[in-house]
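1. here are the coordinates; sequence isn't available:
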Ligand SMILES: NC(=O)C1=CN([C@@H]2O[C@H](COP(=O)(O)OP(=O)(O)OC[C@H]3O[C@@H](n4cnc5c(N)ncnc54)[C@H](O)[C@@H]3O)[C@@H](O)[C@H]2O)[C@H](O)CC1
Ligand SMILES: [K+]
């Protein structure tokens with residue numbers, strides 16, 4: 001793992017390609033390692049989540065322990081996008097499912113156009129669990145009520161995983177503003193005037209909407225509740241080395257804590 005320097009997205013892709021071409025690893029192995037690294041980092045950052053209630057226990061009690069926001073059900077919402085960042089998200093969803101978490105996956109993409117690694121992980125997910133369709137490329141949540149139910153309910157869902165876009169972001173995510181606003185307001189419980197960030201948002205590789213080469217994210221129209229047209233994460237888990245975009249002024253607002261995970265490159 002090279003934590004000293006920061007890489008461009010092209011340099012990162014070249015490293016991944018070299019590892020795959022040399023036979024050191026397959027793309028699928030790299031994706032699995034990335035997903036495992038994200039789950040490891042989640043429990044390193046928030047050890048209390050390992051002791052959250054099983055969802056059925058939570059539902060029976062369903063008292064919101066306002067005094068202790070660390071008591072939550074093992075519930076996660078994962079947003080998966082159209083590329084390999086989304087593929088990482090399907091790995092994370094599957095690993096949390098294996099740990100008996102209740103995971104809701106919202107997919108922004110076309111399964112028929114996924115690369116082989118992401119498609120394999122998409123298939124492993126839908127083989128046993130539902131995947132809610134957000135509509136692609138224009139957002140039109142086919143399961144809109146499901147989406148609102150899972151993203152509006154503040155109690156019991158401690159974890160949001162942003163696997164929409166990684167180093168492949170190539171243009172601003174205008175269509176996503178309503179989703180980002182939902183993630184942002186989803187994340188706050190209000191105690192009087194004190195907004196307390198309740199669920200934790202973890203971005204895979206880089207917060208979606210933040211450009212990994214320029215470190216820029218578009219600034220929203222001032223009347224919206226969002227400042228940047230990007231996911232506002234509490235934790236970002238990136239791989240092998242930080243990218244240039246992790247060190248910018250916008251990144252300081254959007255990334256939260258940054259953990260670098262080795263994927264054997
Ligand atoms: N085996 C591997 O390659 C590994 C990759 N890792 C993860 O992969 C991503 C990079 O994946 P890539 O497919 O190149 O890019 P993205 O997933 O970030 O997205 C590309 C996808 O999205 C479309 N797109 C770009 N901008 C927009 C936009 N504004 N609106 C809509 N759609 C957009 C674009 O056309 C592509 O289809 C990397 O970040 C890692 O998370 C693993 O970590 C290691 C193994
Ligand atoms: K992301």
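-> Perfect, I can see it now. Quantities reported herein were computed from a predicted structural model and do not represent experimental measurements. Ligands and ions are numbered 1, 2, ... in the order given.
2. pLDDT at the residue of the stretch 1-150 of the chain found nearest ligand 1, what is it?
-> Residue nearest to ligand 1 within the stretch 1-150 of the chain: residue 83 (2.5 Å; CB to the nearest ligand atom). Where you see a C-beta, it was placed from the backbone N, CA and C, and this is true even at glycine. Per-residue pLDDT puts residue 83 at 98.
3. what parts of the protein come near ligand 2?
-> 162, 203, 204, 208 (CB under 5 Å from the ion).
4. the last one: neighbour count?
-> If you count neighbours by other CB atoms under 10 Å, residue 208 ends up with 28.
5. do you know the pLDDT at it?
-> Reported pLDDT for residue 208: 95.
6. am I right that it sits in a helix?
-> No - under DSSP: H, G, I helix; E, B strand; the rest coil, residue 208 falls outside any helix and is assigned coil.
7. coming back round to it: among the residues of the chain next to ligand 2, which pair sits farthest apart?
-> Using CB to CB, those span at most 8.8 Å, a distance reached by 204 and 208.
8. what do those two both touch?
-> 85, 162, 166 (CB atoms under 8 Å, 6 or more residues apart in numbering).
9. out of these, which is nearest to residue 220?
-> Of the shared contacts of residue 204 and residue 208, the one sitting nearest to residue 220 (CB to CB) turns out to be residue 162, at 16.9 Å.
10. now do the longest helix along the chain: everything it contacts.
-> Of all segments of type helix in the chain, defined using DSSP state H, the longest is helix 27-45. Outside helix 27-45, the residues that touch it by CB under 8 Å, 6+ apart are 16, 19-20, 25, 49-50, 84, 87-92, 94-96, 99, 115-118, 120-121, 159, 161, 200, 202, 204-205, 234-235, 237, 239, 257, 259, 261-265.
11. narrow those to those in strands?
-> 159, 161, 200, 202, 204, 235, 237, 239, 257, 259, 261 (DSSP state E).
12. out of these, who's nearest residue 229?
-> Looking across these and measuring by CB to CB, the closest to residue 229 is residue 204, at 18.2 Å.
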